Each structure stands twice: as C-alpha cells, then as structure tokens.
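Provide a 3D model corresponding to the input given below.
(4 chains)
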Number of protein chains: 2
Amino acid sequence: MLDPVSRVRRFNRAVTSAVGALDTSFLGRGRPLGAARVLNAIGHGRSDVAEIRDYLGLDSGLMSRLLRSLEDEGLVETEAHQDDARRRVATLTRAGKREFAAYEALSNAQAEGLLTQHSQRDALLAAMDLIASALTRERVALDEMDPRCEEARYCLGEYYAELGRRFSQGFDVSLSRDPDAKDMRRPRGSFIVAMSDTLPIGCVGLKGTDHGYAEIKRLWVAPAARGLRLGRRLMDVAESAARELGITLLRLDTNSALAEAGQLYRSTGWREIPRFNDDPYPDLFFEKRL
Amino acid sequence: MLDPVSRVRRFNRAVTSAVGALDTSFLGRGRPLGAARVLNAIGHGRSDVAEIRDYLGLDSGLMSRLLRSLEDEGLVETEAHQDDARRRVATLTRAGKREFAAYEALSNAQAEGLLTQHSQRDALLAAMDLIASALTRERVALDEMDPRCEEARYCLGEYYAELGRRFSQGFDVSLSRDPDAKDMRRPRGSFIVAMSDTLPIGCVGLKGTDHGYAEIKRLWVAPAARGLRLGRRLMDVAESAARELGITLLRLDTNSALAEAGQLYRSTGWREIPRFNDDPYPDLFFEKRL
DNA sequence: CCATATATCTGACTAAAGTCAGATATCATG
DNA sequence: CATGATATCTGACTTTAGTCAGATATATGG
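This is a model prediction of the structure:
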C-alpha cells in the first residue's frame, strides 16, 4: 500500500480516470474521438496530412476517411501541397475554427477546474511540471534559439530568480557581467533551450569571441526537470556547438553554492583554474580544452 | 505556453501517452482491453458482478458477454450470490490468478520503469501523491479505524516525523503525553483516517473519557493532500463522533509553529484558553463546547 | 521518357465496444 | 401466492477503430 510502486499505481489510476473524463467531454460534441483528434491536431497547427498521420499514429486509409468526414461536416478543407502535389495540406474552415475553439474551451475548462479546486496552485503546478518532464524525458528537444526569444527569456528569468534564492547575498543581474545577446548567437556563439513539449525546461549559453575562445554561461535546469541528466545533455550540445564554431578553449565561472553544477563540471572533463574575471558572484572557475 | 492552464494541459498530454502505453502492454496478453479490465477488477477483489459493472461503467449485456468470454478461457468462475440468487459472484480460477498476476507484473514493471529512470525518486513520488490526492479529492473516504491498524500507524509515524522537522527542538514521542489507543476507540473515543484510494492521507484522534469530555489529538494531513480542506473535514467528522458519544466539551493543544492548524481551529469555533496540561511541546490551547 | 518510389485514396474486410429490447430467474412485499 | 422490482442473460443491431490490398496521381533520378 505504501511502497513506491503502489504509489505510482495509485497515481496512474487517479490520472486515468481524469483523462477518461476529458475524452468523454470531447464525445459530447457529437463526433467520434478519432475525428476530434484530427480536428484538434489541425487546429494546433499540424497541417500536413502525413505529419498528422504520424503524430496520431493512424493508418493512411483511416486518416483519409477521418479527413473526409471532417470535410463533409464542412470543418476542414484540403488542398495539394505547394511543392509536392502528392501531399495534402489540411486547413480549418471558419466553422472548423469555431469547433476547434469549442474543444479548446473544454480542455481549458478541465484544466482550470483542476486548478481552482486546489488552494495550493503553485505546488500542484510544480508537481505537474515535474511529472510531465519525467514522462516526456525521451522527447526533450534541445534547440538552438535566439537568446532574446520568449523561451530563452523565460529560462533566464527563472535562472536569475533561482540565483537570488540560492545566494545568501541575493543576485542582481546588473552587477554581473551580463553577456551581450550578440555573443550568444551564430556565428560567434550559441544559445540552447531544452523544450519539453511546449515548456522550456533548461538552457545554456555559449558566449563566443572571434579567436577560438568561448565561455559557458547561464546553465539552468528547471527544478521540475532535475534528475533527468538534462544539465549534462545541455553541456554536450553546447560543446558540440563550440567545436563547430572552431572554439578550442572553453571557460566558465560558477558559485560553490551551486553544488550540482560543480559536480557536473568536474565529472565531465573540466579542470578547476584560478579566477579569470572580477564578477562578484562566482567563486569557482573551470576550463576545458576541446 | 507558460500560463497555468497550458502547464496543466502539457501534464495531460504527457500522462495520456503514458497511460496509453500501459493499455498497449495489456493488449500484449492477447485479450481485448474490456476483458482484461474485468479480469483485473476481479483480481483486485471486486467479486460482485453488479459492482464490477458499476465500477467499469459497463452495460449489463456487455458485462455478461465479457464474463462469458473469461469463463470460456477458464480464467473465471461465477456462482450465485449466497443471499440473493439473482446476483452473481465471480472468482478467479487458478489459471485466472496466474493471468491476473501477469497483468500485475506488467503494471508493476511500468511503475518501476518510471521510477528507475529518475534520479530523484522521492520528489517524483511526492509529486505523484500530490496530484493523485488532488484528482481524487471527491473520493476521499474518512473512515473510523483502530488507532493501532497499519493505516493509522503510518499516519502517526508521518505525523511524528513532521513534528520533528517543524519543532526547532525536535520531537520525541516518549516525552509527549501519548494517548492510550483504548481512549481513541469506541466507546470512549474514536480515530479517523482519511483514505485516498489505497493511501492514508490524514488522520485525527478523539481521545475520550467517560464523563462527557474529550481531547482532539494527532490531527495530521499528508503534505500531498494539503490545500484540499481535508483538515476541516477530519475535524468535522471527529466532532460528529464526539457528539454521538455524548461529549459536550472538547479541548486540544497545539504548537504555534503549526500555523495552519491554529488558523483552522480559530476559524471553526474554537476558543483559545490557558494551558491545561504540562506536555512540553504545545504552547497553544483551545476549547470548544458542543 | 521510363522505372521506381511516395502520398493519398478507395473498397472490402475484421474486431471491439457499446446499445437496446425482451427473456428468465429470483427477490421482497402485501 | 400474485405482483412488481431487480440482476443477469441473449439476440440483434450499430458505431468506431483499425487492417490490408490494390488504384491513382505525382515526384525523382537516370
């Protein structure tokens, strides 16, 4: 009853019935689930028929028929792909958009219902983030992004907030040597964001120069995604990017209050070196030759 | 992308595919899901056919046919109910028990797989407990139990552990006035455990006397179940039990470090009174007339 | 242009799930 | 013991999902 496996299975049961309830509410719109899923996939921006088929794991015959039924309802239109007339592209009609909005409203209502009945929203959301990250760990995408895009700024905001909590003296970005966004974009450097589905859960910056030297900055993993070895994966990608850019020497600074980070660096070939800058926050310095 | 509703929906998507994977592994045993569900319901102790039908939400015709197919496979036997020959009672044959064990093994393997790929098991389990409690809040059962049963002892153990964490001087049960189990059982008192599915998530003791006076002891709500107003519900049940037992005066002691508890008492008609015992831990004392 | 590969569609099929209207046996009650 | 209620079963049916073998149209590389 109280062993870990039982607890996981209790969670499974609880969640299965909640998920089933959402499916049932979808059926309330008078359309089989298969067709509703295709409609929603299109609504969420998947227009290529092959892509939808792949995403939903459908047989081509079944997919074709489901699309036809949505067309008969006047919710979807298909046309040949611009570059390849064998492929088809599906779009929602005006009525289709309304219907999609109705499904969205159902999903949102279910999500809100879950949240409003709980007086500790933040704890509940944190728990959901943690579990979603654990369940989708295989599908985390490490994408190079502009350090000024929304996802990157979200990560940096969370990173600064965490430093504020973990440094006894707090953390003020303006006192730190904030890297110029230009230095963390090709061709000088890089900025990598780890995305789990639609949620950014980690980042790392490679702040380059034009003479084969770069620094690793802003390595952050969301609390919900810790324990998944994401820090290591981010560092691997950053190092690959550095190699691609012809960088031969990498350095980074960190603080001994961030114990996990120090451990990660030490176990992945970084060597501790003396202080190489006068930033007030770091007290540990590392270097790695590529 | 980062608003609460999106985070809940990301969680839903992650969990839906995990749940689907378990269903698929169940299909691997060569039996449609409907029949597998019935077999598992029986294995988990639901023998009454009507009860299974209700639990799985099946039509009586469908249920009948699924049972028949399990009988044909030699996994299940049915017989008339002892007290009411219209009802049928299903039991697993020896082969049925083996087959059920195989399904259990699949479920356990899935649960273990989830745990072992995560290096922060405890955090993951705590998150699962929290979410399972939130999702099943409507189905929490507040049952009167013997204070020495497994569930009660689990609650008390967690309660003591939490006091140890929250009191700056720690907590040692032997220094506290540990109520005799006899005083928390009918006819003198009562002990109530909140069960969410198979997991105890809260408790409260009513330590009675034989002269219309009782004390509330050991009010505890699992961290995972906080925010669901369970403390209030436990207190309501304890008060009802007290009324049934003819108790007219209730008292309790608590510690100001347990702020939520103090707030709960104040908002539900309890009145602060001077110290009425010499237990070293409490520093706040309340009374309520019924 | 030809051969081959690819994307979708169509027709013919099966399996699973679910619905519904009785039939049958048993129970509770006056 | 007659009556109506209840639990299950049976037969006849529908819907949904999924499979599979071609048919059709288009793309690609020689």
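
what parts of chain A come near DNA strand C?
A:48-50, A:53, A:60-61, A:63-65, A:67-68, A:78, A:84, A:86-88 (Cβ under 7 Å from any atom of the strand). Where you see a C-beta, it was placed from the backbone N, CA and C, and this is true even at glycine.

got a list of contacts for the helix or strand where residue A:262 lies?
Mapping residue A:262 onto the secondary structure by DSSP states H and E places it in helix A:259-266. With contact meaning Cβ atoms under 8 Å, 6 or more residues apart in numbering or on different chains, helix A:259-266 is reached by A:219, A:226, A:231, A:232, A:235, A:252, A:254, A:256, A:272, A:284, A:286.

tabulate the CA atom coordinates of the helix or strand harbouring residue A:158 in PDB.
Counting by DSSP H and E, the element that carries residue A:158 is helix A:150-166. What follows is helix A:150-166, C-alpha atoms only, in PDB (Å, rounded to 0.1, in the frame of the first residue of the first chain):
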ATOM      1  CA  GLU A 150      10.400  34.300 -25.400                       C
ATOM      2  CA  GLU A 151      11.500  30.800 -24.400                       C
ATOM      3  CA  ALA A 152      15.100  32.000 -23.700                       C
ATOM      4  CA  ARG A 153      14.000  35.000 -21.700                       C
ATOM      5  CA  TYR A 154      11.700  32.800 -19.600                       C
ATOM      6  CA  CYS A 155      14.700  30.500 -18.800                       C
ATOM      7  CA  LEU A 156      16.900  33.400 -18.000                       C
ATOM      8  CA  GLY A 157      14.300  34.900 -15.700                       C
ATOM      9  CA  GLU A 158      13.900  31.700 -13.900                       C
ATOM     10  CA  TYR A 159      17.700  31.300 -13.700                       C
ATOM     11  CA  TYR A 160      18.200  34.800 -12.100                       C
ATOM     12  CA  ALA A 161      15.300  34.100  -9.700                       C
ATOM     13  CA  GLU A 162      17.000  30.900  -8.600                       C
ATOM     14  CA  LEU A 163      20.300  32.500  -8.100                       C
ATOM     15  CA  GLY A 164      18.600  35.100  -6.000                       C
ATOM     16  CA  ARG A 165      17.200  32.400  -3.800                       C
ATOM     17  CA  ARG A 166      20.400  30.400  -3.500                       C
END
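
could you dump the contacts of helix A:259-266 into TSV with distance to chain B added?
Below are those laid out as TSV (distance: Cβ to the nearest Cβ, whole Å):
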residue	distance to chain B
A:219	18
A:226	6
A:231	11
A:232	11
A:235	17
A:252	23
A:254	21
A:256	21
A:272	24
A:284	23
A:286	23
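
the residue of chain A most remote from its centre and residue A:108, how far apart?
In chain A, the greatest distance from the average C-alpha position (Cα atoms, centre = their mean) is reached by residue A:72, at 36.5 Å. To residue A:108, residue A:72 is 28 Å away according to Cβ to Cβ, to the nearest Å.

what do you get for residue A:13?
According to Cβ to Cβ, residue A:13 stands 25 Å off from residue A:108.

more neighbours, the two?
The neighbour comparison of residue A:13 against residue A:108 (other Cβ atoms under 10 Å in any protein chain shown) goes to residue A:13, with 17 against 14.

show me what contacts that one?
With Cβ under 8 Å, 6+ apart, residue A:13 has these contacts: B:132, B:197.

I'd like the next helix or strand past the stretch of helix or strand it belongs to.
Here residue A:13, judged by DSSP H and E, is contained in helix A:4-27. As assigned by DSSP H and E, the chain's next helix or strand after helix A:4-27 is helix A:33-43.

show me what that following helix is packed up against.
With contacts defined as 3 or more Cβ pairs under 8 Å, 6 or more residues apart in numbering or on different chains; DSSP states H and E, helix A:33-43 has these neighbours: helix A:4-27, helix A:49-56, helix A:60-72, strand A:76-80, strand A:88-92, helix A:94-116.

could I get the ones you listed as JSON lines with mean pLDDT?
Below are the helices and strands packed on helix A:33-43 laid out as JSON lines (pLDDT from 0 to 100):
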{"stretch": "helix A:4-27", "mean pLDDT": "92"}
{"stretch": "helix A:49-56", "mean pLDDT": "95"}
{"stretch": "helix A:60-72", "mean pLDDT": "96"}
{"stretch": "strand A:76-80", "mean pLDDT": "94"}
{"stretch": "strand A:88-92", "mean pLDDT": "96"}
{"stretch": "helix A:94-116", "mean pLDDT": "94"}
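
and of the ones you listed, who's closest to residue A:245?
helix A:49-56 (32.0 Å; Cβ to Cβ).

which parts of the closest one are buried?
A:49, A:52, A:53, A:56 (16 or more other Cβ atoms under 10 Å in any protein chain shown).
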